[in-house]
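In: below are the sequence and a predicted model; questions follow.
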Amino acid sequence: MQVTREDISPCLVALEISVEPEQYAGALETARKQIARNTEIPGFRKGKAPAALVERVINPERVISVANDRVMPEAYTQALQEQDLTPWDHPEVELLESSAESGLKFKATVPLVPQVELGQYKEVSVDRPVRQVTDELIDHEIERLRTQHTRLDEKGEDGVVEDGDYVFVSIQELNDNGEPLGEPTYNAAVVGENVPDFDTRIKGMKKEETGEFTLNYPEDWQEKERAGKTVRANVTVSQLYAQVKPEVNEEFAKTVGEFDSVEALRQEIRSSAERAFNEVSDEQADMELMNKIVQSSKIDYPPQMLTHEFQHRVQEQFADLKRRNTTFEQFLAQNSVTEEEYRQRLTGRIDWDIRVSLALSAIAEEEKIDVSPEEIDEQLDRLHESENETAEELSEYLSTEQGRQSYIRRRRTNKVLEFLRSSANIKDVIQDPPQEGAAEAKEAK
């Protein structure tokens, strides 16, 4: 047997394997005899028909197929041993040649186990972005709560439409001659949030009043059938309400969360925001830490690893869309991406996740970080003591081999991250508040 090797990448090798005619001819003969023993010919018991008769009914392609099924795995295993290769997954096999005269030749493209050469992973300097909770941010959140608890007060006969009012209107489109075009439509709107022509014209109108509007829709209007068009319509105000936001007082504080005072509400907002900001800060610091470790390391993995994970995540995505009764086309439109952009972004995320996972595994091995059986038992004990239904389900899952292995992987990853954080030089960096949020907070005040 001869083996020609081509190193395509550090984790992908092509082996061209040739089996000599003599060896292959023997395999063909063995296959032919095997098929003959199992071939039924009318008038003869199985395996007892004359050889000449059997030869006429045996399919030569079937003989080659049976011979290849026997010879190729053996030749492939021998080639791996000769080349000292450890495959990560099954190879892609291409049959190049097979006959008694020429022997057998095939190509096996072999994905190899990932290779990781760790760079610096201890005492890595990392900036941890810290966002402070300002009074402006708290004011902005309180204003959001006021908007959420806004009530609608119906305006009387003398009430007129003003900015911020909530109106119910009927809209009857007109043709060029001012005649009704189709049936009227009924809409609810907040004055000041619509086509400028509509908001300008409706101000000052009263309930039950009708006015003729000329509406110029922008090119980027969300209703495509009206985008960039000019529409004439009679608009009638059928209902008119003033939006009334609650005053910020003790009653308001009790309404939004049963707080004793406005100060107690503000303190809860501050505490919740600090917890949320700290979580985000920790995540960003972890991401920068892993980014530096991955960039300083040499990580190679077979392309099949990315392909398998890509297929898995796409299947999960489509299952989720099906549960939400959403098509893939609608999903792309909602996220303003093309299918190619979606594929590129998903591929990039998977590549990053794989490299991080391989780096963490290599660090765990280097630092001998593992999860002991006692840790799993302790987790099970805590779950058994809990009366939470979710804890019961998790306890049952951890009692299975799949569940234990899943827990071990997650726990090992967390332990490696804890080790990396403890050895890293993490510096808190105060961030300026977002300009948009600050502006909104000032407007709320």
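Out: Done, it's in. Numbering: from 1, shown residues only.
In: and the closest residue in space to A264 that isn't next to it in sequence, how far from R275?
Out: Spatially, and ignoring its direct neighbours in sequence, A264 is nearest to A253 (6.6 Å; Cβ to Cβ, 6 or more residues apart in numbering). The C-beta positions use only the backbone N, C-alpha and C, and glycine is treated the same way. According to Cβ to Cβ, to the nearest Å, A253 stands 20 Å off from R275.
In: neighbour count: those two, which is higher?
Out: Per other Cβ atoms under 10 Å, whichever of A253 and R275 has more neighbours is A253, with 21 against 11.
In: picking up where we left off before, in contact with the residue nearest to A264, which residues?
Out: F259, D260, S261, V262, A264, L265 (Cβ atoms under 8 Å, 6 or more residues apart in numbering).
In: wait, which of these is closest to D89?
Out: Within those, distances to D89 taken as Cβ to Cβ reach their minimum at L265, with 56.9 Å.
In: could you list the domains of this structure?
Out: Following automatic domain parsing, the chain resolves into domains at 2-112, 151-244, 261-444.
In: mean pLDDT and distance to I138 for those - can I get that in a markdown table?
Out: Formatted as a markdown table, the domains of the chain follow (pLDDT from 0 to 100; distance: least, Cβ to Cβ, whole Å):
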| stretch | mean pLDDT | distance to I138 |
| --- | --- | --- |
| domain 2-112 | 86 | 52 |
| domain 151-244 | 92 | 22 |
| domain 261-444 | 88 | 5 |
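In: these: which one's closest to E143?
Out: Shortest distance between E143 and the domains of the chain, using Cβ to Cβ, is found for domain 261-444: 3.4 Å.
In: partners of the longest strand anywhere in the chain, with directions?
Out: Counting residues, the longest strand in the chain under DSSP state E turns out to be strand 230-244. With DSSP bridges as the test, strand 230-244 is paired with strand 151-154 (antiparallel), strand 166-174 (antiparallel), strand 210-216 (antiparallel).
In: K245: which of these is closest?
Out: strand 151-154 (8.3 Å).
In: picking that back up, what's the first helix or strand after the longest strand of the chain?
Out: Sequence order places helix 250-257 as the next helix or strand after strand 230-244, per DSSP states H and E.
In: may I see the buried residues of the next helix or strand after that following helix?
Out: Counting by DSSP H and E, the next helix or strand C-terminal to helix 250-257 is helix 262-296. For helix 262-296, the neighbour count (16 or more other Cβ atoms under 10 Å) marks 265-266, 269-270, 273, 277, 281, 284-286, 288-290, 292-294 as buried.
In: looking at the strands paired with strand 230-244, which is buried most?
Out: strand 166-174 (a mean of 18; mean count of other Cβ atoms under 10 Å).
In: ok, residues contacting it?
Out: Contacts for strand 166-174 (Cβ under 8 Å, 6+ apart): 152, 161, 180-182, 184-191, 202, 212, 231-243.
In: returning to what we had before: with distance to D432 added, can I get the strands paired with strand 230-244 in a markdown table?
Out: Formatted as a markdown table, the strands paired with strand 230-244 follow (distance: least, Cβ to Cβ, whole Å):
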| stretch | distance to D432 |
| --- | --- |
| strand 151-154 | 36 |
| strand 166-174 | 36 |
| strand 210-216 | 39 |
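In: the ones you listed: which one's closest to Q34?
Out: strand 166-174 (80.7 Å).
In: coming back round to it: distance from the longest strand of the chain to the middle of the chain?
Out: 42 Å (Cα atoms, centre = their mean, to the nearest Å).
In: what is the nearest of the contacts of A253 to A25?
Out: Looking across the contacts of A253 and measuring by Cβ to Cβ, the closest to A25 is L265, at 88.6 Å.
In: return the residues in contact with that closest one.
Out: I142, A253, V256, G257, F259.
In: I figured the last one hits I269, correct?
Out: Read that as F259. No: at 9.9 Å, F259 does not count as touching I269 under the criterion of Cβ atoms under 8 Å.
In: sorry, back to before: include pLDDT when you put the contacts of L265 into a markdown table, please.
Out: Shown next, in a markdown table, are the contacts of L265 (pLDDT from 0 to 100):
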| residue | pLDDT |
| --- | --- |
| I142 | 95 |
| A253 | 94 |
| V256 | 91 |
| G257 | 86 |
| F259 | 92 |
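In: of the residues you listed, buried ones?
Out: Looks like those have I142, A253, V256, F259 buried, using 16+ other Cβ under 10 Å.
In: let's have those residues in a markdown table, adding distance to D370.
Out: Listed next are those as a markdown table, based on distance: Cβ to Cβ, whole Å:
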| residue | distance to D370 |
| --- | --- |
| I142 | 49 |
| A253 | 50 |
| V256 | 48 |
| F259 | 47 |
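In: compute the distance between Y407 and R382, please.
Out: 12 Å.
In: who has more neighbours, those two?
Out: Y407 (18 against 11).
In: mind giving me the packing neighbours of the host helix or strand of the more buried one?
Out: Applying DSSP H and E as the criterion places Y407 in helix 401-423. Judged by 3 or more Cβ pairs under 8 Å, 6 or more residues apart in numbering; DSSP states H and E, helix 401-423 is in contact with helix 262-296, helix 339-366, helix 373-385, helix 389-398.
In: any chance of JSON lines for those, columns distance to E136?
Out: Shown next, in JSON lines, are those (distance: least, Cβ to Cβ, whole Å):
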{"stretch": "helix 262-296", "distance to E136": "12"}
{"stretch": "helix 339-366", "distance to E136": "34"}
{"stretch": "helix 373-385", "distance to E136": "42"}
{"stretch": "helix 389-398", "distance to E136": "38"}
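In: which one of these lies closest to D176?
Out: helix 339-366 (41.9 Å).
In: quick check: angle from that closest one to helix 262-296?
Out: 80 degrees (axes from the mean of the first three to the mean of the last three Cα atoms, to 10 degrees).
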